[in-house]
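**Student:** sequence first, predicted model second:
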Amino acid sequence: MTHLKATLAAVILIGTALGSAAQAGAPAADLTISFTGIAEQQGAVLGAVFDSEAAYNGGGKPVRTIMVAASKAEVAAQLNGLAPGTYAIKAFHDVDGDQQMGTNPFGMPIEPFAFSNNAQGQMGPAKWADAKFDVTPGTNSQSIIIR
């Protein structure tokens, strides 16, 4: 009986180790994000990449952040090693360089902003359902127009 328990324990440990190795060896994804429509070539494009609707809606943190100098009308950010899955991006052009979205006294954005899939919001940010996109193993791209 003790030998059987030891054998079962060894099989479980080996199975667990193989499962963990398979997950660790899961193919990673790379994502190139192109930002176009940059009217003023100054400051930076800042963004946040979310992997769930809850996080996107403010209930969590982004899985990655983006900061790329807005030195041309089109700039790009490269994110390597993402887990394949569903993501959404919120971004804005930080023209004044204060690393905060500029707003007017009513809370309306005064700096250009955008969402993945070029989704547009109605009286607020674009909805997760409109902004989400799939990232698969290998090379992926997303083009976002800053407005």
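**Tutor:** Noted; the coordinates are in hand. This structure is a prediction, so every number in the text was calculated from the model and none was measured.
**Student:** assign the residue at minimal distance from the centre of the chain to helix, strand or coil.
**Tutor:** In the chain, the centroid-proximal residue (C-alpha atoms, centre = their mean) is residue 49; its distance is 2.1 Å. When classified by DSSP: H, G, I helix; E, B strand; the rest coil, residue 49 comes out as strand.
**Student:** list the beta-bridge partners for the closest residue to residue 74 other than its chain neighbours.
**Tutor:** Excluding its sequence neighbours, the residue lying closest to residue 74 (C-beta to C-beta, 6 or more residues apart in numbering) is residue 36, at 4.6 Å. C-betas here are computed from N, CA, C, even on glycine. As for beta bridges, residue 36 partners with residue 145 under DSSP bridges.
**Student:** residues contacting residue 36?
**Tutor:** Shown in contact with residue 36 (C-beta atoms under 8 Å, 6 or more residues apart in numbering): 73-74, 143-146.
**Student:** try 7 Å
**Tutor:** 73-74, 143, 145 (C-beta atoms under 7 Å, 6 or more residues apart in numbering).
**Student:** helices along the chain, start to end?
**Tutor:** 2-24, 53-54, 128-131 (DSSP state H).
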